[in-house]
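J.: no sequence for this one, just the structure:
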């Protein structure tokens, strides 16, 4: 090889090719030569002083290293912060080399600078990582002494650099039986172990320990980095979760209501014993299956399909084998934003509830029959008194030959014969009862018909009959003719009450509404009103205050019909102000249309006819 | 069975009885029985009319039907007892209600029922009616 060619290349190219920024200073600190790398980083240098080029200063730096090299001729290395042509600060390691002439006098200094900005920032990152990691991080030597400790470790256990790791973490003089640090020292690999210890405040702590050797492959391991993760809280939460889960399972298992739940994939996960009993299927058969219509009513499946979130069904039915079982149901769909997490359903068997409800209705109906029989006596007594009076007057007339008494007595007899004929006919109708025909009925339609029926006749007597009907009441299972009779009785009474009032004219309002699952009908008048004694008697006997014009059956019939609908009739009345008769029928107690209820005793409360 | 006129022994005046009943046939019957037995009956169809008659006539006895529209017989009795001029008038309550039924002093009353001289269950026999009226009239004379 021709070494002269190499020397020539070094002389002509090396200055430009070294991966460092090079500058040559004279004794005035002027940059007299520089390579392209330096020009690229710090810009035009010709004629400028080094402190101006590297630091944008106007005067020489304090403790100038170049000055020392000029004076003693020794090489030096120095850390510098320089400002580049863009104004950015950067870290540089600068090597200052003297260029002496023959007699040792240093006329120039060469600066060779390496940009270490990036390396420094990496170091800083490493430092932050080491200090701020939310774990305890320590560097151990072969004796297991702590050489370095991070911030969290120092804060939690105190500054224990130089002490043994097990003394710090566990307050124990003994090494741990399965020390991962020793293993990392031994085989140069990463190891993990679980360990229990004691914090500075004496509380127990549980750690996951990871150790890694700090050495290059093949070199002996002098240090190990040890990372401790305090998992005390996690383990405590886990234990709590297990307890909660246990509690939840107990509640679900012991519940009288059936509880069913599915996972995100639609598979049935929970079927409690009450649900097993209700559905008549073993939980094992259902768990893991996707047969949702085995456990949920159709309405809830529709809610699920339409991406709804919940559904409460006060009364619905679910298919169990051959039967349709009445249940109350509440279901929830659990979603996280868009994705399905699962579903849960609560099922309550209504069979027992409905049996009790039916028994209660029957008992109420029997009570009504009892009241009716008691009330009969009153009606009969009034007519008998009239007949007795008539007979008495006729006899007196005959005995004393008084034609006026005979005439008076005969009129009374005639009137009371007519009355007892009507009474007996009406009573027979009441006692026999008509078989109610229950069908879905528009309540407002019936109310409108009754109002129409009375409006004209009432207007002729200066009584205004009007309606205030709530729109949108869904059709209900009613005996339309029975309800028609009830409303007719109440409106007729209300018109009579207006006529009996001292005031001229009057107002009768027929209202309908639905509140909390109850159908309500109101007939209000501003007629004569009733006082306490009359209010008490009005529904419990054949009671009439209308002299010869009434038999007292109207309100009894009304009460009977409403009771057959599972409802009640109430009165609010003030003498001289008016009365409100209010019919309340809970939808849940309405009779079923013919053929759907088995036709039991519900509509035959008065025995054989 | 015609009886002679019933009269106050001290004054010789015929005894006057006011009958208050909304049922006209019952009122007519009671009046006829009383007239036949020598009393002078007066009929009122409701409590308001009855109170006016009691105030105007100062009768010897008042027979009141308990259950009437608007004001009841008990209310009328209370008005009589609250009136200084007529509070001593003997009153007989007549009703188809049992004597222990609520409006006559059983449970559930708002105010205590004032005391009547007699209580007759409807329909009373002629003898019971006459006996009650006579006893009531006598109680007035004694007091």
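T.: Structure's in. What do you need? Every value quoted in this text rests on a predicted model; they were computed, and no experiment measured them. Residues are numbered from 1 along each chain as shown, chains lettered A, B, ... in the order given.
J.: so residue A:237 belongs to a strand, correct?
T.: No: counting by DSSP: H, G, I helix; E, B strand; the rest coil, residue A:237 falls outside a strand, being helix.
J.: now stretch A:437-445, how far from the centre of its chain.
T.: 38 Å (C-alpha atoms, centre = their mean, to the nearest Å).
J.: residues in contact with that stretch?
T.: A:469-471, A:473, A:475-481, A:483, A:512, A:519, A:521, A:590-594, A:603 (C-beta atoms under 8 Å, 6 or more residues apart in numbering or on different chains). Backbone N, C-alpha and C define where each C-beta goes, glycine included.
J.: switch the cut-off to 6 Å
T.: A:469, A:473, A:475, A:477, A:478, A:479, A:480, A:512, A:591, A:593 (C-beta atoms under 6 Å, 6 or more residues apart in numbering or on different chains).
J.: tell me, how many residues neighbour residue B:23?
T.: 23 (other C-beta atoms under 10 Å in any protein chain shown).
J.: does stretch B:64-71 reach chain A?
T.: Yes: counting by C-beta under 6 Å from any C-beta of the partner chain, chain A has neighbours in stretch B:64-71: B:69, B:70.
J.: now do the end-to-end distance for that stretch.
T.: For stretch B:64-71, the first-to-last residue distance is 12 Å (C-alpha to C-alpha, to the nearest Å).
J.: next, the buried residues of it.
T.: Neighbour counts using 16 or more other C-beta atoms under 10 Å in any protein chain shown place B:64, B:65, B:66, B:67, B:68, B:69, B:70, B:71 of stretch B:64-71 among the buried residues.
J.: sort out for me which of these are in strands.
T.: Per DSSP state E, strands hold the following members of the buried residues of stretch B:64-71: B:64, B:65.
J.: nearest to chain A, of the buried residues of stretch B:64-71?
T.: residue B:69 (3.6 Å; C-beta to the nearest C-beta).
J.: filter the contacts of stretch A:437-445 down to the buried ones.
T.: Applying 16+ other C-beta under 10 Å to these, the neighbour count classes A:469, A:473, A:477, A:478, A:479, A:480, A:512, A:591 as buried.
J.: so who does the first one touch?
T.: Meaning residue A:469. A:444, A:447, A:512.
J.: which SS class is the last one?
T.: Pointing back at residue A:512 there. Reduced to three states by three-state DSSP, residue A:512 is strand.
J.: separation between residue B:36 and chain A?
T.: Distance from residue B:36 to chain A, counting by C-beta to the nearest C-beta, to the nearest Å: 6 Å.
J.: in chain B, which helix has the most residues?
T.: Taking DSSP state H as the criterion, chain B has its longest helix at helix B:126-142.
J.: contacts for it, please.
T.: Contacts of helix B:126-142 (C-beta under 6 Å, 6+ apart): B:15, B:17, B:33, B:37, B:60, B:61, B:90, B:92, B:117, B:118, B:120.
J.: inside helices: which ones of these?
T.: Per DSSP H, these map to helices at residue B:33.
J.: which of the contacts of helix B:126-142 sits closest to chain A?
T.: residue B:33 (6.4 Å).
J.: report the contact partners of the closest one.
T.: Counting by C-beta under 6 Å, 6+ apart, residue B:33 has contacts B:126, B:129.
J.: distance between the longest helix of chain B and the chain's centre?
T.: 10 Å.
J.: in that helix, what counts as buried?
T.: Quick answer for helix B:126-142 (16+ other C-beta under 10 Å): B:126, B:129, B:130, B:132, B:133, B:136, B:137, B:140.
J.: can I get those residues in JSON lines with pLDDT?
T.: Output for the buried residues of helix B:126-142, formatted as JSON lines (pLDDT from 0 to 100):
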{"residue": "B:126", "pLDDT": "88"}
{"residue": "B:129", "pLDDT": "92"}
{"residue": "B:130", "pLDDT": "93"}
{"residue": "B:132", "pLDDT": "93"}
{"residue": "B:133", "pLDDT": "93"}
{"residue": "B:136", "pLDDT": "91"}
{"residue": "B:137", "pLDDT": "89"}
{"residue": "B:140", "pLDDT": "74"}
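J.: now flag whichever of these is closest to residue A:221.
T.: The shortest gap between residue A:221 and any of these belongs to residue B:132, at 125.7 Å (C-beta to C-beta).
J.: give the contact list for the closest residue in space to the closest one that isn't next to it in sequence.
T.: Here the nearest residue to residue B:132 in space, its sequence neighbours aside, is residue B:118; by C-beta to C-beta, 6 or more residues apart in numbering or on different chains that works out to 4.4 Å. By C-beta under 6 Å, 6+ apart, the contact set of residue B:118 is B:92, B:132, B:136.
J.: which one of the residues you listed is nearest residue A:244?
T.: residue B:92 (78.4 Å).
J.: now do the closest one against residue B:22, distance only.
T.: 16 Å (C-beta to C-beta, to the nearest Å).
J.: swap in residue B:52?
T.: In terms of C-beta to C-beta, residue B:52 sits 15 Å off from residue B:22.
J.: can you check the pLDDT for residue 143?
T.: Went with chain A since none was named. If you check residue A:143, the pLDDT there is 90.
J.: try again with chain B
T.: 53.
J.: low pLDDT regions in chain B?
T.: For chain B, the stretches with pLDDT under 70 are B:1-5, B:8-12, B:97-114, B:141-143.
J.: for it, what lies in contact range of chain A?
T.: B:25-26, B:28-29, B:32, B:36, B:69-70, B:72, B:96, B:103, B:122-123.
J.: now the nearest residue to residue A:288 once chain neighbours are set aside: phi and psi?
T.: Excluding its sequence neighbours, the residue lying closest to residue A:288 (C-beta to C-beta, 6+ apart) is residue A:267, at 5.4 Å. The phi/psi pair for residue A:267 (degrees, to the nearest 10) reads phi -80, psi 140.
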